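Undergrad: What follows is a predicted structure for the sequence shown.
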Amino acid sequence: MTRDLTITEVRLTPILVADPPLLNTQGVHQPYTPRLIVEVVTAGGVTGVGETYGDSKYLELARPFADKLVGRQVSDLNALFVVADEVAVDRGRVENQVDVGGLRGVQTADKLRLSVVSGFEVACLDALGKALGLPVHALLGGKLRDQVEYSAYLFYKWAHHPAGVACEKDEWGAAVDPAGVVEQARKFTERYGFTSFKLKGGVFPPEEEIAAVRALAEAFPGHPLRLDPNGAWSVETSLKVAQELGDVLEYLEDPALGTPAMAEVAAKTDVPLATNMCVTTFTEIQEAFTKGAVQVVLSDHHYWGGLRNTRELAAMCRTFGVGVSMHSNTHLGISLAAMTHVASTVPNLHHACDSHYPWQSEDVLTERLTFEDGSVKVSDAPGLGVELDRDKLAFLHQRWLDDDGRLRDRDDAAAMRIADPEWVTPTVPRW
Ligand SMILES: O=C([O-])C(=O)C[C@H](O)[C@@H](O)C(=O)[O-]
Ligand SMILES: [Mg+2]
């Protein structure tokens, strides 16, 4: 192994990962969800790994982008954005479209590029860290804490995917009412020691979700609670929920859709509002912050363009007195490691981060990352501190190859139609 940082090869491996039947306002999670694993190989003999969305529009962009990286240095991180801009995006496929029914905010060509860049940026940082013998957090300026706290990400869910659908079994059982949600929360605390709880809402009428949060507050008195209906409520409904749950909520996440509606809600409640839907890219910051629409931004290195952009976002939040935490979609251990490294370097991280990781029974690592007392330890090993398991990667890739194309693009509404053929993506506000 030498210090030659020149990229000689980039490997892209799309995979399908098992996902339980988690409910959200758009529908239900597919039994398998696409992810893309990125490997960057240097002339010095080091391989760095990254992970990002694996839906086909990301893959279409990732392939030509990967080709352009060969011959560059893994330390050439600023250039990743310049190179990404050179890759053509079929704007018709993304501009003003919504991704996964809007769960990640409005889709644009730039945001698509940033989501692809993030997987490569993490892989380059991993390779650079390994080559220099430094952990990724050191490349970001050094950790400020030895562990990063995560919250239990509770979902309404069915016990099984619909009958006849090929899937993996999950051991979590159903959660479709307050008792089920509390039982799920107990399992999360027993297994992982989480002390704060987020409930994915927008699934049942608001009164039922208020009852579930009340039940959580009774079962876990004094613990931070959050409710996130993904913009499913009107301003009026949002205010009603804020009033009813104000005494137990740490924050309300995206109660109403879009900055103007969030600003209207924020003006009339003291409950802090968090978002991963109306502030999802740098151009959306000015309007939201000047209107006082959000009090906490949930960063996500995947769509903000990587770990260094996440730190830039955190600096802006700090400047404007807005809190920062972390959003999560279905992801594997590479991304959890990346999230943990960057989170350890952010000074103004005052809320436990979201992570779907406990829902993922499969991974591509030789060793899964673990939560202790609700936190993940920040690794001091070179790079991300994780190791790819080639057999597991090959297995999940084979599943992707075997798929007839139906699962290669995440579509929660289509997954819901298997159980309920009449299902259409609800118009917003739903309540
Ligand atoms: O708003 C959020 O926190 C999310 O969109 C996170 C996830 O996408 C979640 O809602 C999901 O996967 O159903
Ligand atoms: Mg959210």
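TA: Looks like it arrived, so ask away. Ligands and ions are numbered 1, 2, ... in the order given.

Undergrad: quick one, strands of the stretch 1-150 of the chain?
TA: 7-18, 23-24, 27-28, 32-42, 47-53, 97-98, 106-107, 147-149 (DSSP state E, counting those that start in this stretch).

Undergrad: If you could redo that for the stretch 151-300 of the chain, that was the one I meant.
TA: According to DSSP E, counting those that start in this stretch, the strands that the stretch 151-300 of the chain contains are 152-155, 197-200, 225-228, 249-253, 273-275, 296-299.

Undergrad: and of these, who's closest to Ser118?
TA: strand 296-299 (11.3 Å; C-beta to C-beta). To be clear about C-beta, it is placed using only N, CA and C from the backbone, and glycine gets the same treatment.

Undergrad: Just name whatever secondary elements that closest one is in contact with.
TA: Where contact means 3 or more C-beta pairs under 8 Å, 6 or more residues apart in numbering; DSSP states H and E, strand 296-299 is packed against strand 273-275, helix 307-319, strand 323-326.

Undergrad: if we can go back for a sec, weakest of the strands of the stretch 1-150 of the chain in terms of mean pLDDT?
TA: Comparing mean pLDDT across those, the weakest is strand 97-98, with a mean of 62.

Undergrad: who in the protein is up against ligand 1?
TA: 22, 24, 103, 200, 228, 230, 276, 327, 329-330 (C-beta under 6 Å from any ligand atom).

Undergrad: follow-up on the earlier one: any chance of the strands of the stretch 1-150 of the chain in a markdown table, plus mean neighbour count and distance to Ile334?
TA: A markdown table is the format used below for the strands of the stretch 1-150 of the chain (neighbours: other C-beta atoms under 10 Å; distance: least, C-beta to C-beta, whole Å):
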| stretch | mean neighbour count | distance to Ile334 |
| --- | --- | --- |
| strand 7-18 | 19 | 11 |
| strand 23-24 | 22 | 24 |
| strand 27-28 | 26 | 25 |
| strand 32-42 | 24 | 7 |
| strand 47-53 | 26 | 4 |
| strand 97-98 | 14 | 26 |
| strand 106-107 | 20 | 23 |
| strand 147-149 | 21 | 15 |
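
Undergrad: Domain ranges for the chain, per the record?
TA: For the chain, the structural domains run 7-137+389-402, 141-377, going by automatic domain parsing.

Undergrad: so, in contact with ligand 2 or not, the longest one?
TA: Yes. Applying C-beta under 5 Å from the ion, one finds that domain 141-377 is in contact with ligand 2 at 228, 253, 276.

Undergrad: you'd agree Glu362 is up against Asp389?
TA: No. Contact between Glu362 and Asp389 fails when scored by C-beta atoms under 8 Å: they sit 10.6 Å apart.

Undergrad: Counting neighbours, what do you get for the residue of the stretch 101-250 of the chain found nearest ligand 1?
TA: Here the stretch 101-250 of the chain gets closest to ligand 1 at one residue, Leu103, 3.6 Å apart by C-beta to the nearest ligand atom. Neighbour count for Leu103, taken as other C-beta atoms under 10 Å: 22.

Undergrad: give me every residue that touches it.
TA: Contact analysis of Leu103 by C-beta atoms under 8 Å, 6 or more residues apart in numbering lists 24, 26, 230, 277, 329, 412.

Undergrad: what do you get if the cut-off is 7 Å, keeping everything else the same?
TA: Taking C-beta atoms under 7 Å, 6 or more residues apart in numbering, we find Leu103 in contact with 24, 26, 230.

Undergrad: tell me, how many neighbours does Asp402 end up with?
TA: Asp402: 9 neighbours (other C-beta under 10 Å).

Undergrad: Could you measure from it over to Leu59?
TA: 16 Å (C-beta to C-beta, to the nearest Å).

Undergrad: Please apply the same query to Ala217.
TA: 43 Å.

Undergrad: Ok, Pro34 next?
TA: According to C-beta to C-beta, Pro34 and Leu59 sit 8 Å apart.

Undergrad: next one: Gly258
TA: In terms of C-beta to C-beta, Gly258 sits 29 Å off from Leu59.

Undergrad: again, but for Tyr156
TA: 31 Å.

Undergrad: now Val41
TA: 19 Å.

Undergrad: before we move on, back to that, okay, the strands of the stretch 151-300 of the chain in JSON lines with mean pLDDT and mean neighbour count next?
TA: Listed next are the strands of the stretch 151-300 of the chain as JSON lines, based on pLDDT from 0 to 100; neighbours: other C-beta atoms under 10 Å:
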{"stretch": "strand 152-155", "mean pLDDT": "98", "mean neighbour count": "25"}
{"stretch": "strand 197-200", "mean pLDDT": "98", "mean neighbour count": "25"}
{"stretch": "strand 225-228", "mean pLDDT": "98", "mean neighbour count": "27"}
{"stretch": "strand 249-253", "mean pLDDT": "98", "mean neighbour count": "25"}
{"stretch": "strand 273-275", "mean pLDDT": "98", "mean neighbour count": "26"}
{"stretch": "strand 296-299", "mean pLDDT": "98", "mean neighbour count": "26"}
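
Undergrad: can you put those in a markdown table and add distance to Ala343?
TA: Shown next, in a markdown table, are the strands of the stretch 151-300 of the chain (distance: least, C-beta to C-beta, whole Å):
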| stretch | distance to Ala343 |
| --- | --- |
| strand 152-155 | 15 |
| strand 197-200 | 16 |
| strand 225-228 | 17 |
| strand 249-253 | 17 |
| strand 273-275 | 16 |
| strand 296-299 | 9 |
